[in-house]
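> quick one: sequence and predicted model below, then my questions.
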Amino acid sequence: MITFFLIIGGIGVVISALFLGTISGTPTYARRGNYSETKEHHDFRTTVGLYAGVVGLIGFGLAALLYYVF
């Protein structure tokens with residue numbers, strides 16, 4: 001059960017990092033000149049990133065709780 005919550009936590013944090021732009025395949029200096037994004041797209045990415053991060057933190061928290069309790 002702990003492994004399940006660790007996997008959920010890890011997946012949530014990775015998805016959050018991808019959507020919030022922490023992890024990207026393109027360096028920052030290469031993205032500056034040709035970056036265009038609508039406000040709706042930015043809001044969608046931020047919302048998904050935050051929700052995935054919360055799910056990831058909850059998963060890690062439950063795994064830690066199960067580890068210390070059992």
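Received the coordinates, thanks. If you're wondering where the values come from, they're calculated on a predicted model, not measured in any experiment.
> for this structure, which spans come out with low pLDDT?
Residues of the chain meeting the criterion pLDDT under 70: 25-35.
> the strands in it, which residues?
Listed in chain order, the strands of the chain (DSSP state E) amount to none at all.
> wait, doesn't Met1 sit right on Leu66?
Yes. Taking contacts as Cβ atoms under 8 Å, Met1 lies within contact range of Leu66: 6.0 Å. For every residue, glycine as well, the C-beta is placed using N, CA and C.
> more neighbours, these two?
The neighbour count for Met1 versus Leu66, taken as other Cβ atoms under 10 Å, is higher for Leu66 (14 against 9).
> show me what contacts the more buried one?
The neighbours of Leu66, taking Cβ atoms under 8 Å, 6 or more residues apart in numbering as the test, are 1-2, 5.
> please flag which of those residues sit within helices.
The helices in this structure, assigned by DSSP state H, contain 2, 5 from the contacts of Leu66.
> of all the contacts of Leu66, which comes closest to Asp43?
Distances from these to Asp43 were compared by Cβ to Cβ; the smallest belongs to Phe5, at 29.2 Å.
> I'd say that closest one and Leu62 touch.
Yes. If you go by Cβ under 8 Å, Phe5 and Leu62 touch, sitting 4.6 Å apart.
> show me which helix runs longest in the protein.
For the chain, the helix with the greatest residue count under DSSP H is helix 39-69.
> roughly how far out does that one sit from the chain middle?
Helix 39-69 sits 6 Å away from the centroid of its parent chain (Cα atoms, centre = their mean, to the nearest Å).
> what residues sit buried inside that helix?
Along helix 39-69, the positions that meet the burial threshold by neighbour count (16 or more other Cβ atoms under 10 Å) are 49, 52-53, 55-56, 59-60, 62-63.
> with that, I have no additional questions.
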